[in-house]
Each structure stands twice: as C-alpha cells, then as structure tokens.
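>>> dropping the sequence and predicted coords here.
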4 protein chains.
Amino acid sequence: MDIGDGFSYELRVRYQETDGQGIVHHGNYLTYFEKARIELLRHHGISYRDIEESGLMLVVAEARVEYFQPALFDDLLLVSVTVARIKGAAIEHTYVITRGEIEIVRGFTRIGCLSKDSRIKRVPTWLGGKGDWPAPRSLVKD
Amino acid sequence: MDIGDGFSYELRVRYQETDGQGIVHHGNYLTYFEKARIELLRHHGISYRDIEESGLMLVVAEARVEYFQPALFDDLLLVSVTVARIKGAAIEHTYVITRGEIEIVRGFTRIGCLSKDSRIKRVPTWLGGKGDWPAPRSLVKD
Amino acid sequence: MDIGDGFSYELRVRYQETDGQGIVHHGNYLTYFEKARIELLRHHGISYRDIEESGLMLVVAEARVEYFQPALFDDLLLVSVTVARIKGAAIEHTYVITRGEIEIVRGFTRIGCLSKDSRIKRVPTWLGGKGDWPAPRSLVKD
Amino acid sequence: MDIGDGFSYELRVRYQETDGQGIVHHGNYLTYFEKARIELLRHHGISYRDIEESGLMLVVAEARVEYFQPALFDDLLLVSVTVARIKGAAIEHTYVITRGEIEIVRGFTRIGCLSKDSRIKRVPTWLGGKGDWPAPRSLVKD
C-alpha cells in the first residue's frame, strides 16, 4: 500500500444509524470511515483481523469530520478513502462521502501503529512504511 | 447474590439512542439491560471487570423484549432488574423499564457462564450458584 | 408479500459492532434483523422509506434472540428472514444467521402497524394483510 | 449562556461502548460530547427537547477528536465541555475527557443553528448569540 492509494465502497444507511432528527447520527461517519480503511486493506490483500492476530494494533489517534449535507435512512452512499501520508508510526487517511453528486461529509484520520503492549511501532513496509513488523499470513504476494 | 435480588437505576435517554422514528431504537434496550446487570453486581460488591479478568465470561444466551410504549429523547427512565433463576451454568434476569407510571418495556435474558476457552462453567457460589470458580478480588466480604 | 416469503443477505461484521469480548455485541443482531426486513421489502418492490412517508409506521412490539455461537469481526454472515405470520395489525418474522454451516443466532420479531398518530392499523393488503392503507408510490406493480 | 461557560459530568463506560480492542470505540466520544452539550444546556435551564419542539435544530457542522489514552469498560470518566465561541449561526465547544489525572481525549465541535426547513439562523440571544428565535418554554427566567 502506498500514498495516494484509495478505495471506494457503497453503503446503504441503516435505520438504526439515524437519530431523532431523521438523519444519520454524526458519530456514525467514523464507523463508515473505519469500514473504508478495512476494505482498502482487503483490496490490497490484507486482512485487518490477521494484522491484529499478529499483535499489531492500528489505533485512531485523531479524527476530523466536516458535515455538509445530512444523509437519510436508506440512502446509498459512496464512501471513498485515500492514503494521504505515511510517516513514522502514523498513517493518515482522507475521506469523502457522497450521495450521487452531493457531498455529504469529508473526513480525516491519523492512525498509529502499536504493539499489543502499547509500544509505538513504525508503520511496517507492507503498509507503506519503514518498520519491520512481519507481514500477516493473509498478505497476498504480488 | 440470590434469586429475587434486584436493583434499579435511573437513565437519561441520549440523543444518539433515538432513531428516525424519534424514539429509542428497539435494540438499545438490550444495552440498558446489560448496564442494569452490571450495576446489580456492583451493588453486591462485585465488579464485572474483575470477573472477566479472572477468566470467567458471562455471555448472553437468550434475550426477549416486549415493547409497550416508546421512550423519547431525554426521557428519564427507571430500569429495574431482578434475578429470576439460577440453575447449572445459567442465570436468568427479568427487567422492567418505566417512565413514571408508564411501562415502556419488559425483558428477559438468560446468561451463561463460560471460561475464556469457552467451556461451560456452573454459576459460582458468589453469584448464587454451586460452581467453584474463585471469587474476583473486588468481592466485598460480608 | 405473503407468509413463507423470505430473503437472505450477506453481511460483513464491522469492527464497531464487536465489544470487549471480541465478539458481536448481542444487541446488534436486532439491527441485522431490521436490515433483513427492509431488504425483504425492497426485494418485493417496497421501499420502507416510502411506507413511513405515507404515514404508516412499522413498530417492533416484541423481539427474541437465541445465541448459539459468537460472531467475530470481519465474519461474513448470512442473514435470513421469513414472514411467519400475518394477523390483524401484526407481522411476525423469524430469522436465522449463519456463518458457513454454523448457526450463530435465531430470532423472532412481532411488528405492529401504526399510523403516525399511534392508532393501530390492520396490515395492508400489499403487505399480505387485510387492511386498506394505500400502497406507497414505490410499489412495483406485477 | 455565554462564552467560557462550561459543565462537567461523570460517565460510566458501558460494555456495549467498547470494541474488540477492549477499549471505548473512538466514535463513541462524539456521543459523550453530545450528552455534555445537552447537560450544559440543562444546567442553564434549557431543555434541548424543547428547542427542537420550537423548530430550531442544532446540527453538528464539524467535529474533531484527539485520542491520547484508551478508556476501558467500567471506567469512570469526567466529561467537560466549554463554550469556546459564538458567531453568526455557529456555536463552538471544546471538550476534555479525563479519568482521574489522565487525559483520555480532547475534542472540538462547531454546531450550526437551522430552522426545520434547513434555513441558517443566527444563534438566539438565549444561547449567547444575536438571533431572535423565541426562547423555548422550558427556559428558566433568572
């Protein structure tokens, strides 16, 4: 995986994800972003479950969301994620969620790599960094 | 803890817990019940966190909810739990949630005791059963 | 739609849906069931959003879940729903969720039809009942 | 309400709010912030439910969270909110969540005032702004 790599997936808004204003609760977009990161990894042949089983944790260190338009129950959204920056122990992603031509939200997250005992680890080479954490068994060889 | 023991706590409905119908999403009552079980334990001097740290897991095996009236954002609810039955590896609880005089939901759960490696364990004596799992360190001695 | 009608959809477990036991939180299955009902309607050409816009609310009156095996993060689950009974103002569904050959949960819900001002309404004919609520505009004519 | 006004409340982490990493899922802090805003209003004699009933919606336009330490199941957290800025149609809040001496997260939100038909409205005087939206009936007169 490398800077600039991206992925998009379609998501149907669930009833449970709306709130009393009849729109997607603003906290749920972080869950949509999380799913985007996991699907981006899968697209590159990497299972996040295997990463965690190898003892490496990807932990959210910062998140930002800008809300432009509400999304409604049953909306079909396109969630797009891009790798914006990889440096040291951190991976930064940016996100755009759209419904047709309409931009719903933009987002940003910074993820840190930690071992299970909470030590900071450089992003491993198979995630685009310079760290030496062994690749998870699921990693598809190109 | 014994059959018939109970506990009640007050809960303020969060905005996030409502859905597009403007009422508490029906799945959230299971979370309210879960909190009631944990507070019931605490009332008896038992920390559920300590139980899990001791390697004993209390896992939901069955749940039932009957919905009588909707609860709304900001409602102040009274959540009451009672230990209904303890047998073998299972503890059964019943629940009533009210807003003033109005009954909102009634519920039932059956919880099973499992070791971390998923073996069925008899309910320990300190939870009202006949099993011999050691008491968690937090248990207040009477 | 009629008794015996059913539908299945595949669902990938999200990280957010797991809890500290590393398994899907037991309350989330009600959300999976809800999505199954909505997809079943869509499969019959009916948009639940249109139903609510017409002023008819389908409200959960009772729910039951039996939990057989835990589901884990990233599991690919098959969620199946069947219309079990339609009577008066109520529709009953049953559910089975499996991962491959393994049964994860079984469920049951009873849904009531209400007008927006909370009057009980018979299940409309286009949902398999005998009520006369007008069909939503999305309904595909056969 | 005025710039600099603040409020703190104690919150016990629910089991459902943790994820497979055994820590509070990062999206849930936005729900904790939301509850802080609502309790801050209540502390000033204002019911958010009444605000919405008057037709004024307070909608999240931007949110940021920095995560310093994980919070665990059953942790007792102190959630503090401060009004940082009121300008035009927007109210900005900052947040700090601590467990004892330990800082868990810091946050920021920008809220916009909208009428039910989605027109931008200046923050009303009773919320510290210059708009003329009528005060909700719950507002305690000093």
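Thanks, I have the structure now.
>>> avg pLDDT for stretch A:74-89?
Stretch A:74-89 carries an average pLDDT of 97.
>>> in that stretch, what's buried?
Neighbour-count burial for stretch A:74-89 flags A:Asp74, A:Asp75, A:Leu77, A:Val79, A:Ser80, A:Val81, A:Thr82, A:Val83, A:Ala84, A:Ile86, A:Ala89 (criterion: 16 or more other CB atoms under 10 Å in any protein chain shown). Every residue, glycine included, has its C-beta placed from N, CA and C.
>>> any idea how far it is from the middle of the chain?
Put simply, stretch A:74-89 sits 5 Å off its chain's centre (CA atoms, centre = their mean, to the nearest Å).
>>> same check on stretch A:113-124?
On CA atoms, centre = their mean, the centre of stretch A:113-124 falls 18 Å from that of its chain.
>>> try stretch A:41-51
For stretch A:41-51 - counting by CA atoms, centre = their mean - the centre lies 12 Å from the chain centre.
>>> residues in contact with it?
A:1, A:5, A:7, A:37-38, A:58, A:126-127, A:136-140, C:15, C:72-74 (CB atoms under 8 Å, 6 or more residues apart in numbering or on different chains).
>>> now, of those residues, which are buried?
Buried, going by 16+ other CB under 10 Å: A:1, A:7, A:37-38, A:58, A:126-127, A:136, A:138-139, C:15, C:73-74, out of the contacts of stretch A:41-51.
>>> filter those by proximity to chain D?
Residues of those in contact with chain D (CB under 8 Å from any CB of the partner chain): C:Tyr15, C:Phe73.
>>> contacts for stretch A:69-81, please.
A:6-15, A:17-18, A:21-24, A:32-33, A:35-37, A:40, A:93-99, A:102-104, B:20, C:38, C:47-49, D:59.
>>> one more: stretch A:121-137?
Residues contacting stretch A:121-137 (CB under 8 Å, 6+ apart): A:1-3, A:5, A:46-47, A:50-51, A:53-54, A:56, A:83, A:86-91, A:113-115, A:139.
>>> show me how far it is from its chain's centre.
For stretch A:121-137, the distance to the chain centre is 17 Å (CA atoms, centre = their mean).
>>> thinking again about what came up before, secondary structure added to the buried residues of stretch A:74-89, as CSV?
Conversion of the buried residues of stretch A:74-89 to CSV gives the following (DSSP: H, G, I helix; E, B strand; the rest coil):
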residue, secondary structure
A:Asp74, coil
A:Asp75, coil
A:Leu77, strand
A:Val79, strand
A:Ser80, strand
A:Val81, strand
A:Thr82, strand
A:Val83, strand
A:Ala84, strand
A:Ile86, strand
A:Ala89, coil
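>>> which of those sits closest to chain B?
Chain B has its nearest neighbour among these in A:Asp74, at 9.7 Å by CB to the nearest CB.
>>> chain center to the biggest strand by length in chain A, what's the gap?
If you go by DSSP state E, chain A has its longest strand at strand A:102-115. Taking CA atoms, centre = their mean, one finds the center of strand A:102-115 at 6 Å from the center of the full chain.
>>> now do stretch A:86-102
7 Å.
>>> any residue of it touching chain D?
No: Stretch A:86-102 stays clear of chain D (CB under 8 Å from any CB), getting no nearer than 12.4 Å.
>>> can you show me the CA trace of that stretch as CSV?
Extracted as CSV, the C-alpha positions of stretch A:86-102 are listed here (Å, rounded to 0.1, in the frame of the first residue of the first chain):
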residue,chain,number,x,y,z
ILE,A,86,2.7,7.7,6.0
LYS,A,87,5.3,8.9,8.4
GLY,A,88,7.0,7.1,11.4
ALA,A,89,4.3,5.3,13.3
ALA,A,90,1.4,7.1,11.7
ILE,A,91,-0.9,6.7,8.6
GLU,A,92,-3.1,9.5,7.6
HIS,A,93,-6.3,8.9,5.5
THR,A,94,-8.7,11.3,4.0
TYR,A,95,-12.4,10.5,3.2
VAL,A,96,-15.2,11.8,1.1
ILE,A,97,-18.8,10.5,1.3
THR,A,98,-21.2,11.4,-1.5
ARG,A,99,-24.7,10.6,-2.5
GLY,A,100,-24.8,11.0,-6.2
GLU,A,101,-23.3,14.4,-7.0
ILE,A,102,-23.9,15.7,-3.4
